[in-house]
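K.L.:
Predicted structure and sequence below. I'll ask about it afterward.
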Amino acid sequence: MDMLPKESAQFVMSISDHVTIDTNSVKELATRLKESVTIEEYDLKKWKSDNPLHPQEMVEKSVDHIFFIDSLNFSFWPDMNQDFSIDGEIGYWALCAAVKRALDEKIPITNSEYYSHIELEKMRYLFRTDNGIDIPMLNERVSILNENGTILMKHFSGTFVNCIRASNYSAINLLKLIYNYFPSFRDESEYKGKKVTFLKRAQILIADIWGCFEGKGLGRFDDIDQLTMFADYRIPQVLHYFGVLKYSSVLTEKLKENNLIENGHPFEVEIRSASIHAIELVREQLSMMMMIGSKAPNSIQIDFYLWGYRRTNSKQIDDQHSPFHRVRCIYY
């Protein structure tokens, strides 16, 4: 890995062709967050309290539960009228609902030995939906579970807990370990001849463990603030809505057409890089605005808040015609 996501984003934005960051809007968003978001909004306890479908206990089995979910945490945006829906939940929350349902049925779905040899029809049953529509990219998800389960069994005695222990309480060490051992988390592209990384699912895996354990025990990472936001398709949409991201006319027209963009296309690389860099700039602004003695939220906490904001205000954002880029891939 040549560059971590933060450095990759800085590099791309220094020579970007189609995406720019509006510094005035960065300051306005930082001001909005400071004035309208209480410190409780960033409380790590909210990861569980606001989301009952997340694992609730600070125990080792929760680590493997989170690893399972984040192995499959990608590509939930629906084709027209094709929502992936379980028990009234859609997208990522439908995934969480499916895992909870399986565990309630005493199916050891989060056990690495179990899913290392899980087959397509069993997966289809475990992720059966309200409307009969399969989870997107079902075949790819089966392959990833088989691969990740096998890796855990071979190298880590079957549990992701041992990956955490090997990292010595360092988020960056753990990020590099995930990158080196688990190919499906290796979220990177080439941009103008240079390899750049995003590592969305690897970073959110670490952040989810941090949130579940409230920064303690297995969730204690002394350098957690070194992680960036998680470059998906929803946070860029929110940042565009707030005027932070500006798109060229060519890119704007492409997004309005709602056509697929290839993973690794310069449009995608620039949008994702701009999102990472923009949140870093927002975080820096917030740090300067905070009162002496109070700690500004890190990029993960800002991401969690904005992701929730988009979910709560989706109609308002969609009505403003803020587009999102459509990419079908396993990385986000």
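P.N.:
Looks like it came in fine. Numbering: from 1, shown residues only.
K.L.:
list the helices and strands the helix or strand Ala98 falls within packs on?
P.N.:
According to DSSP states H and E, Ala98 maps onto helix 92-104. Judged by 3 or more CB pairs under 8 Å, 6 or more residues apart in numbering; DSSP states H and E, helix 92-104 is in contact with helix 60-71, strand 85-86. Any C-beta I mention is one placed from the backbone N, CA and C, and that applies to glycine too.
K.L.:
Name the residues that touch that helix?
P.N.:
51, 53-54, 65, 68-69, 72-73, 76, 84-87, 89, 109-110, 126-129, 135 (CB atoms under 8 Å, 6 or more residues apart in numbering).
K.L.:
Restricted to buried residues, select these in ChimeraX.
P.N.:
If you want just the buried ones from these in ChimeraX, going by 16 or more other CB atoms under 10 Å, the selection is:
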select :53,54,65,68,69,72,73,76,84,85,86,89,109,110,126,127,129,135
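K.L.:
Contacts made by the helix or strand of the chain with the lowest mean pLDDT with the rest, please.
P.N.:
Lowest by mean pLDDT, DSSP states H and E among the helices and strands of the chain is helix 314-319, with a mean of 83. The contact list for helix 314-319 (CB under 8 Å, 6+ apart) reads Gln237, Val238, Tyr241, Arg310.
K.L.:
re earlier: report the angle between the axes of the helix holding Ala98 and helix 60-71?
P.N.:
Calculated by axes from the mean of the first three to the mean of the last three CA atoms, to 10 degrees, helix 92-104 forms an angle of 140 degrees with helix 60-71.
K.L.:
Render the CA-only coordinates of helix 92-104 in PDB, please.
P.N.:
C-alpha atoms of helix 92-104 as PDB (Å, rounded to 0.1, in the frame of the first residue of the first chain):
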ATOM      1  CA  TYR A  92     -27.800  -1.900   5.000                       C
ATOM      2  CA  TRP A  93     -30.400  -2.200   7.700                       C
ATOM      3  CA  ALA A  94     -32.000  -5.100   5.900                       C
ATOM      4  CA  LEU A  95     -28.600  -6.900   6.000                       C
ATOM      5  CA  CYS A  96     -28.400  -6.300   9.800                       C
ATOM      6  CA  ALA A  97     -32.000  -7.600  10.100                       C
ATOM      7  CA  ALA A  98     -31.200 -10.700   8.200                       C
ATOM      8  CA  VAL A  99     -28.200 -11.500  10.400                       C
ATOM      9  CA  LYS A 100     -30.300 -10.900  13.600                       C
ATOM     10  CA  ARG A 101     -33.100 -13.100  12.200                       C
ATOM     11  CA  ALA A 102     -30.600 -15.900  11.500                       C
ATOM     12  CA  LEU A 103     -29.100 -15.700  14.900                       C
ATOM     13  CA  ASP A 104     -32.600 -15.700  16.500                       C
END
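K.L.:
ok now that helix, how far from the chain's centre?
P.N.:
Its chain's average C-alpha position is 18 Å from that of helix 92-104, according to CA atoms, centre = their mean, to the nearest Å.
K.L.:
For that helix, buried residues please.
P.N.:
Tyr92, Trp93, Ala94, Leu95, Cys96, Ala97, Ala98, Val99, Lys100, Arg101, Ala102.
K.L.:
With stretch 20-36 instead?
P.N.:
Here stretch 20-36 shows Thr20, Ile21, Asp22, Ser25, Val26, Lys27, Glu28, Leu29, Ala30, Leu33 as buried, counting by 16+ other CB under 10 Å.
K.L.:
any low-confidence regions in the stretch 151-300 of the chain?
P.N.:
291-293 (pLDDT under 70).
K.L.:
That one: strands as residue ranges?
P.N.:
188-191, 194-197, 245-247 (DSSP state E, counting those that start in this stretch).
K.L.:
so which of these is the most packed in?
P.N.:
strand 245-247 (a mean of 20; mean count of other CB atoms under 10 Å).
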